[in-house]
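Trainee: Model the structure of this input:
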Amino acid sequence: MPPRPLALALTAGAGAGAALLARQARRALRRRVARSPLWPLPALPEPVSGQGRSRSRSEVRGTARRVTVVERTAPAEGVVRLRLAGDGPDGLPPWRPGAHLDLVLPSGLVRQYSLCGDVADSAAYTVAVRLVENGRGGSREIHERLVPGAEVEIRGPRDRFPLAPSPAYHFVAGGIGITPLLPMLYAAEAAGARWRLLYCGRSRASMPFLAELAALGGDRVTVVAGDESGRPELGFLASLPKSTAVYCCGPGPLMDAVAALLPKDRPPRLERFTAGGQGAGGAFEVELGRSGRTVPVAAGQSVLAAVLTELPDLAHSCRQGFCGTCRQRVLAGEVDHRDELLTDAERAEQMLICVSRCHSGGRLVLDL
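Mentor: Just a heads-up that it's a prediction; the model follows:
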């Protein structure tokens, strides 16, 4: 549906009054576009939240495109690497090391995966997906259904884990956490920066890209396989020069350990597969601003789970604070933000209700 002010301008009568309305509508729309984030919210003068809207999923989440699986390989046990090609003559949008895609699976599940191919390859994107045996079904669907020739919808790429210029880097990867770091290694090499990689995993058989990393980095790559060497030794990170930037992606305990070793004024750059700080919180209340109804949120319960009891059709997807589908406008209250998506400016007015909360005993008013 076109934005309401513009629709009014178009249906107004002819003449000077209609022209004035049209000019005002265009100016208002431009102001809204300028203030709106490019992704995932549409630059439309509609609420970013709420039920009973006729917007499609694509309108809510941003531009989508179809790609085709043109190559599938197995770089490690339980891992598939997919090359996803577009069909347009102009190629796919460019991306930078650290970027990721949203994959909209045939079932409707939305999952985020880091790009791990060549940034110069505009014909296709490459992702690698580990099968999570006790997960929520996304990785299994990819392993079972995304075979060569299959089509899948994607959104993005989005860059929430950028590689900042630095004379030196130390990268720390855990398991499939190597995926966003692999393009960074090539970028660091191309820039002439000094770099080293500590790559940890359960076993060498489960760790993708070992041969590629050995060819790229030689003795700059240290591999620690748990079945051979046990836990990695991380103490050296505390004595790294200030000029060395640290990037880490992997299981939460690994990233927490890396962060604990670095000074507070030089924190590592982290890429999490689950939103940080999702621990249990105390009880509070959420008021649905449009209806005035109050929904109790129990200790340890998400706002999303509580609100779904009143609004069962409310849009949501990843439940991890990444995709932005559950983003809502906050009308009142102090939010305890726990997502990995929103900027500081966006957090001033919005929250992701799948992971973020209110402080114990407080009250939030949402535009629902």
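
Trainee: Helices along the stretch 201-350 of the chain, start to end?
Mentor: 210-217, 226-229, 252-261, 303-308, 344-347 (DSSP state H, counting those that start in this stretch).

Trainee: Flag whichever of these has the least confidence on average.
Mentor: Ranked by mean pLDDT, the helices of the stretch 201-350 of the chain end with helix 344-347 at the bottom, a mean of 86.

Trainee: Following the chain onward from that helix, which element is next?
Mentor: strand 350-352 (DSSP states H and E).

Trainee: Report the strands that pair with that next one, each with its relative direction.
Mentor: strand 327-332 (antiparallel) (DSSP bridges).

Trainee: for the partner strand, the distance to its chain's centre please.
Mentor: 20 Å (C-alpha atoms, centre = their mean, to the nearest Å).

Trainee: buried stuff in that strand?
Mentor: Across strand 327-332, burial judged by 16 or more other C-beta atoms under 10 Å covers 327-330. (C-beta placed from N, C-alpha, C; glycine too.)

Trainee: E271: what's it in contact with?
Mentor: 98, 114, 160-161, 177, 180, 247-249 (C-beta atoms under 8 Å, 6 or more residues apart in numbering).

Trainee: Would you mind checking the residues you listed for buried ones?
Mentor: With neighbours counted by 16+ other C-beta under 10 Å, the contacts of E271 contain buried members at 98, 114, 161, 177, 180, 247-249.

Trainee: could the helices of the stretch 201-350 of the chain go into CSV alongside distance to G192 and mean neighbour count?
Mentor: Below are these laid out as CSV (distance: least, C-beta to C-beta, whole Å; neighbours: other C-beta atoms under 10 Å):
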stretch, distance to G192, mean neighbour count
helix 210-217, 14, 15
helix 226-229, 31, 12
helix 252-261, 25, 16
helix 303-308, 46, 19
helix 344-347, 33, 13
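
Trainee: For A168, find the nearest of those.
Mentor: helix 210-217 (13.9 Å; C-beta to C-beta).

Trainee: Point out the other helices and strands that that closest one packs with.
Mentor: Here helix 210-217 touches helix 178-191, strand 194-201, strand 221-225, going by 3 or more C-beta pairs under 8 Å, 6 or more residues apart in numbering; DSSP states H and E.

Trainee: redo that, cut-off 10 Å
Mentor: Where contact means 3 or more C-beta pairs under 10 Å, 6 or more residues apart in numbering; DSSP states H and E, helix 210-217 is packed against strand 64-76, helix 178-191, strand 194-201, strand 221-225.

Trainee: Once you drop chain neighbours, what's closest to the residue nearest in space to the middle of the chain?
Mentor: Centroid-nearest residue in the chain: F322, 4.1 Å away (criterion: C-alpha atoms, centre = their mean). In space, and not counting its chain neighbours, F322 is closest to Q112: 5.0 Å by C-beta to C-beta, 6 or more residues apart in numbering.

Trainee: Show the contacting residues for the one you found.
Mentor: Listed by C-beta atoms under 10 Å, 6 or more residues apart in numbering, the contact partners of Q112 are 100-103, 127, 138, 155-156, 158, 160, 273, 317-318, 320, 322-323, 340-341.

Trainee: now, which of those lie within strands?
Mentor: The strands, defined by DSSP state E, take in 100-103, 127, 155-156, 158 from these.

Trainee: low pLDDT regions in the stretch 1-150 of the chain?
Mentor: 1-62 (pLDDT under 70).

Trainee: Now do the strands in it.
Mentor: Assigned by DSSP state E, counting those that start in this stretch, the strands in the stretch 1-150 of the chain fall at 64-76, 79-85, 100-104, 110-114, 124-130.

Trainee: before we move on, the earlier item: now, of the contacts of Q112, which are buried?
Mentor: 100-103, 127, 138, 155-156, 158, 273, 317-318, 320, 322-323, 340-341.

Trainee: which pair in the buried residues of strand 327-332 spans the largest distance?
Mentor: Farthest pair in those (C-beta to C-beta) is R327 and V330. Separation: 10.2 Å.

Trainee: Need the residues touching each of these two.
Mentor: 49, 350-351, 353, 356.

Trainee: wait, what's in contact with the residue nearest to T73 when sequence neighbours are not counted?
Mentor: Spatial nearest neighbour of T73, chain neighbours left out: R81 (4.8 Å); criterion: C-beta to C-beta, 6+ apart. The contact partners of R81, by C-beta under 10 Å, 6+ apart, come to 71-75, 116-117, 126-129, 179, 208-209.

Trainee: any idea which of these is closest to P267?
Mentor: Taking the contacts of R81 together and measuring to P267 by C-beta to C-beta, the closest member is T179, at 21.5 Å.

Trainee: correct me, but the closest one touches L82?
Mentor: No. With contacts counted by C-beta atoms under 10 Å, T179 stays clear of L82, the gap being 11.6 Å.
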